[in-house]
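Undergrad: the following comprises the amino acid sequence and a computationally predicted model.
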Amino acid sequence: MQKKLMAPGVYWLGAVDWDRRLFDDLVPLPDGTSYNAYLVQGTDKTALLDAVEPAMTDTLLAQLADVPRLDYIISQHAEQDHSGAIGLLLERYPEARVMATAKGKAMLHDLLRLPEDRVEAVADGDRLELGGKTLTFLHLPWVHWPETMASYLAEDRILFSCDFFGSHIAASELFVTDPCRVREAAKRYFAEIMAPFRPMIEKNLDKLAGLPMAMIAPSHGQVYDKPDWIVAATRQWATAAPANLVALPFVSMHGSTRRMVEHLTAALVARGTAVELFNLAVADVGKLAMALLDAGTIVVGAPTVLAGPHPLAAHAAFLANALRPKAKFLSIIGSYGWGGRTVEVLAGMVPNIKAEVLEPVLCKGLPTPETYAALDRLAEAIVAGHAAQGFAARVD
Ligand SMILES: Cc1cc2nc3c(=O)[nH]c(=O)nc-3n(C[C@H](O)[C@H](O)[C@H](O)COP(=O)(O)O)c2cc1C
């Protein structure tokens with residue numbers, strides 16, 4: 001992909017990764033992704049904002065073929081998919097200086113062993129004059145690492161936001177073409193990596209409020225040329241109350257837990273509460289993360305294996321705990337053969353979820369009429385809890 005003009009002297013550079021299907025060896029990428037870098041050329045100086053995934057350095061270097069001098073490399077986030085190519089860029093441009101937050105500077109040294117004398121720490125609000133183009137650095141910690149910042153180009157009203165407002169989408173078009181598709185991808189991205197830091201995200205959104213923005217240029221996905229909606233959506237994901245929705249990740253090796261899951265689902269739906277099921281043997285954890293962002297209740301369906309929860313259920317519980325969902329109610333259902341500590345083990349895995357635990361429902365082997373009655377009572381408790389909290393239907 002060639003570089004693309006965004007405004008006079010401002011270009012998108014970077015690599016579109018159509019093939020990638022997994023990020024961080026964890027997160028599915030149904031739509032691939034892109035690693036966006038940006039070039040800002042003033043009358044006196046030239047700056048590159050962020051770089052690309054190291055495997056795609058050649059693409060970036062080719063786009064820079066007609067750029068003889070780089071004065072600054074702005075490293076907004078030390079994660080390797082944006083910073084990993086900086087070492088090679090410093091060799092190609094021996095005059096270039098890297099600008100990062102103080103924490104970013106330390107991390108670039110720790111993670112990449114970048115020479116410290118080539119990296120300069122910038123304070124919140126520092127300005128960089130390039131000649132008719134002025135970049136202002138805005139420290140925005142915890143989107144999604146401690147060192148993150150964004151840069152604002154006043155003359156063109158462009159916010160270079162790095163991972164903030166990002167989405168994993170591979171596309172040939174620079175600007176958002178299908179807001180519905182991007183909204184889902186951006187929500188998936190938010191749910192997977194930003195959700196645990198919702199209070200910091202809200203503070204950072206407050207910090208950006210009032211900044212005139214003609215464009216938001218993130219480090220993954222398409223550029224927003226009408227950015228208001230993504231800012232509003234991000235605030236909603238960060239702050240909205242949970243919805244009248246149950247997220248129900250489950251496993252069932254021989255069908256017993258599945259029967260319980262299906263009964264509970266029918267009981268909830270009949271009482272007006274939505275349910276999203278995730279068979280963990282085949283589930284997309286990105287979709288699970290999105291449901292965890294919205295759900296008022298989480299129920300884990302886990303058969304007992306080797307005296308504890310099935311490992312896939314344990315994995316889901318670990319993930320849910322790390323994502324710190326807003327859910328107010330939690331429960332466990334599942335089948336066992338002779339005995340074990342499934343409930344104790346799972347309950348001990350979710351200390352970050354500040355939710356009321358509703359009576360778990362376990363049964364030996366196939367569910368019985370008593371099991372179904374207990375599942376009906378669980379459904380009633382969830383519905384009553386949601387009504388008491390005033391949870392409304394999920395918006396998106
Ligand atoms: C590999 C394996 C290990 C198991 N370990 C236990 C166990 O430690 N304790 C127990 O009560 N049941 C154990 N079971 C039995 C299952 O929990 C039981 O068959 C249950 O009904 C399966 O539910 P499902 O049909 O939803 O998979 C084990 C089953 C398998 C396949």
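TA: Looks like it came in fine. Everything numeric in this text was worked out from a predicted model, so none of it was measured. Numbering: from 1, shown residues only.

Undergrad: show me which residues of the stretch 251-396 of the chain sit near the ligand.
TA: Neighbours of the ligand within the stretch 251-396 of the chain, by Cβ under 6 Å from any ligand atom: 252-257, 303-307, 335-340, 365. (Each C-beta comes from the backbone N, C-alpha and C, glycine too.)

Undergrad: Three-state assignment for residue 171, please.
TA: The three-state assignment at residue 171 reads coil, by DSSP: H, G, I helix; E, B strand; the rest coil.

Undergrad: which ones among the residues of the stretch 251-396 of the chain next to the ligand lie within strands?
TA: 304, 305, 335, 336 (DSSP state E).

Undergrad: ok, residue 281 - how many residues close by?
TA: The burial metric for residue 281, expressed as a neighbour count using other Cβ atoms under 10 Å, is 11.

Undergrad: over to residue 45?
TA: Neighbours of residue 45 (other Cβ under 10 Å): 17.

Undergrad: residues contacting it?
TA: Residues near residue 45 by Cβ atoms under 8 Å, 6 or more residues apart in numbering: 71, 72, 128, 129, 130, 131.

Undergrad: repeat that with 7 Å
TA: Going by Cβ atoms under 7 Å, 6 or more residues apart in numbering, residue 45 touches 71, 72, 130, 131.

Undergrad: in the strand or helix carrying residue 82, which residues are buried?
TA: Per DSSP states H and E: residue 82 is located in helix 80-83. By neighbour count on 16 or more other Cβ atoms under 10 Å, the buried set for helix 80-83 is 81, 82, 83.

Undergrad: next structured bit after it?
TA: Using DSSP H and E, the helix or strand that follows helix 80-83 in sequence is helix 86-92.

Undergrad: residue 216 contacts residue 227, doesn't it?
TA: Yes. Between residue 216 and residue 227 there is a contact under Cβ atoms under 7 Å: 4.1 Å.

Undergrad: okay, and the residue nearest to residue 360 when sequence neighbours are not counted sits in which element?
TA: Distance criterion Cβ to Cβ, 6 or more residues apart in numbering; nearest residue to residue 360, sequence neighbours excluded, is residue 332 at 4.2 Å. According to DSSP H and E, residue 332 maps onto strand 329-336.

Undergrad: downstream of that strand, the next helix or strand is which one?
TA: That would be, after strand 329-336 and using DSSP H and E, helix 342-347.

Undergrad: just checking, what packs against the following helix or strand past that next one?
TA: From helix 342-347 onward toward the C-terminus, using DSSP H and E, the following helix or strand is strand 356-357. Contact analysis of strand 356-357 by 3 or more Cβ pairs under 7 Å, 6 or more residues apart in numbering; DSSP states H and E lists strand 329-336 as its packing neighbours.

Undergrad: what ranges does the protein have for its helices?
TA: In the chain, the helices defined using DSSP state H lie at 57-63, 80-83, 86-92, 102-112, 179-189, 198-208, 228-239, 256-270, 285-294, 311-323, 342-347, 369-389.

Undergrad: mean pLDDT added to those, as a markdown table?
TA: What follows is the helices of the chain, written out as a markdown table (pLDDT from 0 to 100):
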| stretch | mean pLDDT |
| --- | --- |
| helix 57-63 | 97 |
| helix 80-83 | 96 |
| helix 86-92 | 97 |
| helix 102-112 | 98 |
| helix 179-189 | 97 |
| helix 198-208 | 98 |
| helix 228-239 | 98 |
| helix 256-270 | 98 |
| helix 285-294 | 97 |
| helix 311-323 | 97 |
| helix 342-347 | 97 |
| helix 369-389 | 98 |
